[in-house]
Every structure is written in structure tokens, then in C-alpha cells.
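Asker: Fold the stuff below for me.
(3 chains)
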Amino acid sequence: MSQLVCHGITKSYGDKEVLHGIDLTLESGKIYGLIGRNGAGKTTLLSILSNQNPATAGAVTLDQEPVWENRKALDRLCFSRELNISSESGLGNYRVKDYLRAAATYYTHWDRDLEKNLMTTFGVDAKKRLNKLSKGMLSMVTIIVALASKAEFTLLDEPVAGLDVVAREQFYRLLLQEYTQTGRTFVISTHIIEEAADLLEEVIILDQGRVIRKENTQELVGRAFQVTGLAEQVEAAIGNLETHHKESLGRSESAMVFLQKGQSIPEGYEITVQPVNLQKVFVALCGGETQI
Amino acid sequence: MVNYVSNEQRKTGEEMQEFLTEQKSIYLQICEMIETDILRGILLEEERVPSTNELARLYTINPATAAKGINLLVDQGILYKKRGIGMFVATGAADKIRTRRKEVFQKTKLFQFLQEAKSLGITKEELVSMISRWEEQQ
Amino acid sequence: MKLKFWFQRALFTLFGGIGVGLLMMAVTVIQMTGERMSSFWTRMPAFLLLGSGYFLLIMMMMTYKVQLPLAVSFGSTRKESLLGLQLIKCLCAIGAPVFVLGYGLLFPEVGSAYFPLLPFYGAVILLTGTVGSWGGMAYCRWGKLGALITVLVIAFAAMGLGIVSALVFSMENTHAWEILSMSRTQFVVLGISICIGIYLLNILLEARVLRCYEVRM
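Answerer: The predicted structure is shown next:
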């Protein structure tokens, strides 16, 4: 099994450190979700993983070999960046087909048929210039590059940004189709957490430049519970448990607890225990505490 | 008392749902859907069930999650694996499912139902007459 | 080594430059009257060289802004990109004079006059590409305004140099190499050496800029 590993990755821009010593192991054959708030460092991390940005400290390795400036490792990687075409950006003058041709010269296993199929599926006009495309269309172009690259490790930054719900569904299906056929590894960053939650075998939660969780999605969600009730009762019940995101309203209080293996919420309290979804888990972990 | 609005709705024997909803472990939902298909005769005994990859694509879920659901049914003897071919519905699977669901109904659903009746002050006689009236309407 | 992308870019820059030369020529032709047309064919190589140099300058700046981030984001190593940038400059510096050579061989009566100075023209194109790189690097480092200032500074410096040398060389109707007390050949070789020297030093500078290059798109 192949592994793409971050060893103590730190990244600073000037005095500002945006990634703080990230250790992360990505195993081949999985779909990972990378979630985090705006500015958490997702794009920076993905850029460093793929040799697009240098790390200030630390290293990325693919099967024990450094990725940095390594042609052999780069042949197995693809990070399809989110395209932000501003009016002055020269890239805007590229036609879609020229952009894809340029991509094809670099990705060794580029699948031309898949590229054509995807162009038809999404209805992207190959002759259009990038600066004439909507945000959604640009996302489609980045998706096409990612899928057609056939790279063993494929990183996608916000692939569904700007896509309508139908196109998002299309993307999830295409991703699963590609994944079940080839077993490629995907790392996908997204803000539309609930839609993607069921696709993700593992979820990596990045908060303020640190990986605060990396766990099987089902297991993480399975051990998180929302506990609500009279404040004293809730406090007494969850006293010894890992608790996040307490909220109180009048006499009632609600909190999210994470049960460790073998732990359970003690019996004998007047409380309601509810299962939660990944989005709630994420908000609880990254949202801080709020008083209503 | 601790009031569990449980993730494991299989225990409560709730109404089967044909589509995947939130708030419930996805692999349990996969289990339920396959079970319901067996009960309804959509999947017959000794017939191949969709592979994990097929299920994954159909419901847009991770294949590993689909596999977890399938494995749960294998553990319960509802499905069995034929090497190199796939998963099949075991003989007697429908009976097994029905028996277990009845048990679940009695243990949890009925219990909750009676608890609710008790808290509303509904007597046994009232309950019985309610049931008879419901039967007449059917 | 994956240089296909850069090779395509280099070919585009070379033929684009030739195209610009032809375009400049076409514009001049329209303005010309009958008797001056005869000098036109003699001037054609000059247009090709001028067009190539001009286009290369613009393209080098563009390349830093557009193609460099693109290539690195598609998985090009910085080393490959550095090589690619040299490929563009060198192909133009060799390609454009080769075109003029071909023209001169086809029409010796109007083209052969350029032959002795072809290596010098090549070196000047190389220098133009280098100046374009400076603009591009300035863009990477200081953004659009930085690139603009750099190019303006270089343009004014070049203009100043041109005016000064024109003033100096126009004195007493002598030739530049005579002022520097050299033979004409020595003067040309000196010019070529300076151009290539600056180009080579610039590779070191480009390598430095690219070493920690970050993709921002």
C-alpha cells in the first residue's frame, strides 16, 4: 500500500504561521474529506502535498521518497486547483481545450476519452475562454482535470463550489464510479459537508492550521451525541466525557459529547441524547462556544 | 430516565424508508433496505444481491460503508458469500428477518407505545377499543 | 524530464515573433511608395529580427505570469520550468537568425548582407528575452506594479544608453569599434559576449527565484 505522508509540515507567510507542524498519513485506496473553516489552511496544505508550494519546515513523502521536486513522485500526484480567474489574470485568456491540452502534457496517464465524456456530461464548451466561464463551469473544468489525470493520488480543492445541486450529484457519482473502478486515492476539500459525508471514508478536520481530527467518518459521527436537558442534569451526566460546544438557553443546556471506546452516557439523568451528523460534529469542533 | 433518540433505529423497528435519510448510520440503512427488499420479494432467496460497489454507486456512498452494512447481514446469517461470485440471500432469510423484527417490535416499539399511552392516562380498555375501531375502519 | 509543454511554448514564441515581424512589415509596406519598395526586401530580415525580439520580451513576462504557475500546478518541477524558460529564449535566439539565414540563401542579393552579424542578432534576442524575464520575475516578486516599474526602468535605461551611444558614435563619422580601438570583429564578439554573459548570469537569478516558487492562481 502506498502512503503520502506529511512530516511536521509548517508553513509561514512572513511572520504569520498558517500551518503548525502537521503530521498526516494518507493511505492509498481511500476517499478522504478535508474540511475546515475558511482560512484554516486547506489550500495551503494541499499545495504543499503536491509540490506546488514549499513548506517552511517539514517534508512530504510518497512511499518514503520526498515529493519535493521529484519527477517520479509528481507523476503519481494531481492537485487540481480551484480556478479563480480574475480580470487581470492572464490565465483567463486560455480556452478550455488549451488548458486541458496543457494538463495532458504533464499527466502521464491522462485519459482523453474520459476527458471527452466529462466535457459532454457537464456540457462545457471547449472553445470558451476561462474568463467567460461561470464559477460552476470553472469547477467543472477542475473536476475534469482531476478525474482525467488518472493520478494515483488526486487532490481536489472545493470541486463543488458554485455547482448546482444536479451537477454536484453528478460529480459525486462520477467520483464514486472512478473510485470503484480504479481504487485511486482522492482527497477532497469541501464546505458542503453533509452532501459529501457519506462519500468520505475518512475525514480530516483542519482548524487554524492544525489537524484536530482524522478518523473514519462513520466512526467519528457514530460516537458523537448531542445531549440536552436541564443544565444541572446535563452537566452531571457529561461530567467525565469529552465535551464540545456547550450552548445554554434559560435553564436548558445542550452539549456535544464524544464517547471513547467503552464509554457510555450514564443512566439516571433527565436528558435527551440525540445522534448528530458530520456537519454538526464539525461545527462543534471548530465553531467555538456560543451563548444564546 | 435517559431518553435515547437512537442512531440505531433498527432496534426501534421504525418504518422502513426507501431512501437514505440523515441522522442514521448509513450502513444500518443499507441493512434495512436489503432486508426490506428480501421481505417484499424484490430479492429472492439464493439470489445474488448488489455488490458493495453497485450499492455505493446507487446510493452515492463510500464502498467501505456499504461493505460494513453487507457484512452485518452476513454476520446475522441473512446473506452469505460465494467466493469469487458475490453475496447471496441465504435460505430462510425472510423468516429470520420477520422473526427478528417482530421481536424488536415487541421489545421496543410496543414498549414505547405503551409508555406513551400510560403517560397520557389511556387505560387498557380504551386501548383495546381504539384498536378495534382502527380494525373496523380498515 | 517533462518539457513538452515548454517546447510547445518555445515554438509558439518563435513563430509568434516571426508573425509579429511580418505584421510590422505589412504595415510598413502599405505606407511605402513605388521607388522605396526596392529597399523593402533588404529590410525584411530586420523586421523579422525586431519582431522576434519584441515578441520574446512580451512573452517572457507573460510566461512568468501565466504559464509558470500553470506548469507547476500541473506537476512540473521547478527545475523543468527553469529549463523550459531557457528553451524559449534559446529557441528564439537561434530560430530567428536561422530564418534570416534561409531568406538570405534564397535571395542572396537582398539577404546576404545580414550574414556576418547573425550571431550578434541572435545574442541581442537572447538579451531581450533576459530583459523580459526580469519583468516576469519582478511580477512574481512585487506584482503588477513592480513589473511595470521594472520594465519602465529598463526601457529608459536602454533608451538612455541608445541616445548616449548614438551621440558618441555620430561624432566625426567614426565607428563605435574605432572609438574603443578595436577591430570590427572584436567589437562584435565583445557585444555577443556581453549579451551571453548577462543571459548566463540571469539563469542564476532565475534559478534563485524559482527555487522556492509558489503557485498562486
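
Asker: CA-only coordinates of stretch B:36-54 in PDB, if you can.
Answerer: Extracted C-alpha coordinates of stretch B:36-54, given in PDB (Å, rounded to 0.1, in the frame of the first residue of the first chain):
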ATOM      1  CA  THR B  36     -37.000  -4.900   3.200                       C
ATOM      2  CA  ASP B  37     -36.200  -5.900  -0.300                       C
ATOM      3  CA  ILE B  38     -36.000  -9.500   0.900                       C
ATOM      4  CA  LEU B  39     -39.300  -9.200   2.800                       C
ATOM      5  CA  ARG B  40     -41.000  -7.800  -0.200                       C
ATOM      6  CA  GLY B  41     -39.700 -10.400  -2.600                       C
ATOM      7  CA  ILE B  42     -37.600  -8.000  -4.600                       C
ATOM      8  CA  LEU B  43     -34.600 -10.100  -3.600                       C
ATOM      9  CA  LEU B  44     -35.300 -13.800  -3.600                       C
ATOM     10  CA  GLU B  45     -33.500 -16.400  -1.500                       C
ATOM     11  CA  GLU B  46     -30.400 -17.800  -3.100                       C
ATOM     12  CA  GLU B  47     -30.300 -14.800  -5.400                       C
ATOM     13  CA  ARG B  48     -27.300 -12.500  -5.800                       C
ATOM     14  CA  VAL B  49     -27.500  -9.100  -4.000                       C
ATOM     15  CA  PRO B  50     -25.900  -6.000  -5.500                       C
ATOM     16  CA  SER B  51     -22.200  -5.700  -4.800                       C
ATOM     17  CA  THR B  52     -20.800  -3.100  -2.500                       C
ATOM     18  CA  ASN B  53     -19.600  -1.100  -5.500                       C
ATOM     19  CA  GLU B  54     -23.000  -1.300  -7.100                       C
END
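
Asker: Name the residues that touch that stretch?
Answerer: A:180, B:16, B:18, B:34, B:58, B:63, B:66-67, B:70, B:78-79, B:85-94, B:97-98 (CB atoms under 8 Å, 6 or more residues apart in numbering or on different chains). (Each C-beta comes from the backbone N, C-alpha and C, glycine too.)

Asker: Restricted to buried residues, select these in ChimeraX.
Answerer: Here is the ChimeraX command that picks out the buried ones among the contacts of stretch B:36-54, judged by 16 or more other CB atoms under 10 Å in any protein chain shown:
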select /A:180 /B:34,63,66,67,70,78,79,87,88,89,90,93,94,97
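
Asker: Give the buried residues for the helix or strand B:Leu55 falls within.
Answerer: Using DSSP states H and E, B:Leu55 falls within helix B:52-59. Across helix B:52-59, burial judged by 16+ other CB under 10 Å covers B:Thr52, B:Asn53, B:Leu55, B:Ala56, B:Arg57, B:Tyr59.

Asker: For the helix or strand harbouring A:Val227, list every residue counted as buried.
Answerer: Taking DSSP H and E as the criterion, A:Val227 maps to strand A:224-230. Going by neighbour count (16+ other CB under 10 Å), the buried part of strand A:224-230 is A:Ala224, A:Phe225, A:Gln226, A:Val227, A:Thr228, A:Gly229.

Asker: Just the pLDDT for the closest residue to B:Ile85 other than its chain neighbours.
Answerer: Among residues not flanking B:Ile85 along the chain, B:Arg48 sits closest, at 7.1 Å (CB to CB, 6 or more residues apart in numbering or on different chains). If you check B:Arg48, the pLDDT there is 92.

Asker: same check, this time on B:Glu22
Answerer: Among the per-residue scores, B:Glu22 holds a pLDDT of 44.

Asker: Kindly report the same for A:His244.
Answerer: 88.

Asker: thinking again about what came up before, which helix or strand lies directly C-terminal to the helix holding B:Leu55?
Answerer: Going down the chain from helix B:52-59, the next helix or strand is helix B:63-75, by DSSP H and E.

Asker: any residues touching that following helix, and which ones?
Answerer: Residues contacting helix B:63-75 (CB under 8 Å, 6+ apart): A:30, A:176, A:179-180, A:198, A:201, A:217-218, B:26-31, B:34-35, B:49, B:52-53, B:55-56, B:59, B:79-81, B:87.

Asker: Next, check these against the helices and list the overlap.
Answerer: Using DSSP state H, the members of those that fall within helices are A:176, A:179-180, A:217-218, B:26-31, B:34-35, B:52-53, B:55-56, B:59.

Asker: So which bits of stretch A:131-143 are buried?
Answerer: Neighbour counts over stretch A:131-143 (16+ other CB under 10 Å) mark A:Asn131, A:Leu133, A:Met137, A:Leu138, A:Ser139, A:Met140, A:Val141, A:Thr142, A:Ile143 as buried.

Asker: And the furthest pair within these?
Answerer: Comparing all pairs in those by CB to CB, the longest separation belongs to A:Asn131 and A:Ile143, at 18.7 Å.

Asker: picking up where we left off before, so which of the buried residues of strand A:224-230 is the closest to chain C?
Answerer: Closest approach between the buried residues of strand A:224-230 and chain C, by CB to the nearest CB: A:Ala224, at 36.4 Å.

Asker: if I look at that closest one, how far off is A:Lys261?
Answerer: 14 Å (CB to CB, to the nearest Å).

Asker: and the residue of chain B nearest chain C?
Answerer: B:Asn62 (26.9 Å).

Asker: how deep is the residue lying closest to that residue once chain neighbours are set aside tucked in, by neighbour count?
Answerer: Take B:Asn62 and drop its neighbours on the chain: the residue closest to it by CB to CB, 6+ apart is A:Glu201, 4.8 Å away. By the criterion of other CB atoms under 10 Å in any protein chain shown, A:Glu201 has 19 neighbours.

Asker: Check C:Lys4 too.
Answerer: Count around C:Lys4 with other CB under 10 Å applied: 13.

Asker: mind checking how far A:Leu147 is from C:Thr130?
Answerer: 40 Å.

Asker: next one: B:Ala66
Answerer: According to CB to CB, B:Ala66 and C:Thr130 sit 59 Å apart.

Asker: Please apply the same query to A:Gly41.
Answerer: 37 Å.

Asker: what residues are up against C:Ile209?
Answerer: Heads up, residue C:209 is Val, not Ile. Taking CB under 8 Å, 6+ apart, we find C:Val209 in contact with C:Met137, C:Cys140, C:Arg141.

Asker: Check the gap between it and chain B for me.
Answerer: Separation of C:Val209 from chain B (CB to the nearest CB, to the nearest Å): 43 Å.

Asker: any idea which element that residue lies in?
Answerer: helix C:184-211.

Asker: Okay, A:Leu19 and chain B: tell me how far apart.
Answerer: A:Leu19 is 27 Å from chain B, by CB to the nearest CB.

Asker: In terms of helices and strands, where is that residue?
Answerer: Element membership of A:Leu19, judged by DSSP H and E, is strand A:16-27.

Asker: Check which helices and strands that strand sits against.
Answerer: strand A:3-13, helix A:42-49, strand A:57-62, strand A:185-189, strand A:210-216 (3 or more CB pairs under 8 Å, 6 or more residues apart in numbering or on different chains; DSSP states H and E).

Asker: tell me the contacts of the residue lying closest to C:Gly21 once chain neighbours are set aside?
Answerer: In this structure, C:Gly21 finds its nearest non-sequential neighbour in C:Gly51, 2.6 Å apart by CB to CB, 6+ apart. Applying CB under 8 Å, 6+ apart, one finds that C:Gly51 lies in contact with C:Gly17, C:Ile18, C:Gly19, C:Val20, C:Gly21, C:Leu22, C:Leu23, C:Met24.

Asker: Kindly recompute the last result at 7 Å.
Answerer: Going by CB atoms under 7 Å, 6 or more residues apart in numbering or on different chains, C:Gly51 touches C:Gly17, C:Ile18, C:Val20, C:Gly21, C:Met24.

Asker: Wait, a helix at A:Val166?
Answerer: Yes: A:Val166 forms part of a helix when assessed by DSSP: H, G, I helix; E, B strand; the rest coil.

Asker: Quick check: which ranges of the chain have low pLDDT?
Answerer: The chain I'm using is chain A. Within chain A, the stretches with pLDDT under 70 are A:87-89, A:288-292.

Asker: The chain in question should be chain C.
Answerer: In chain C, residues with pLDDT under 70: C:33-38, C:168-177, C:179.
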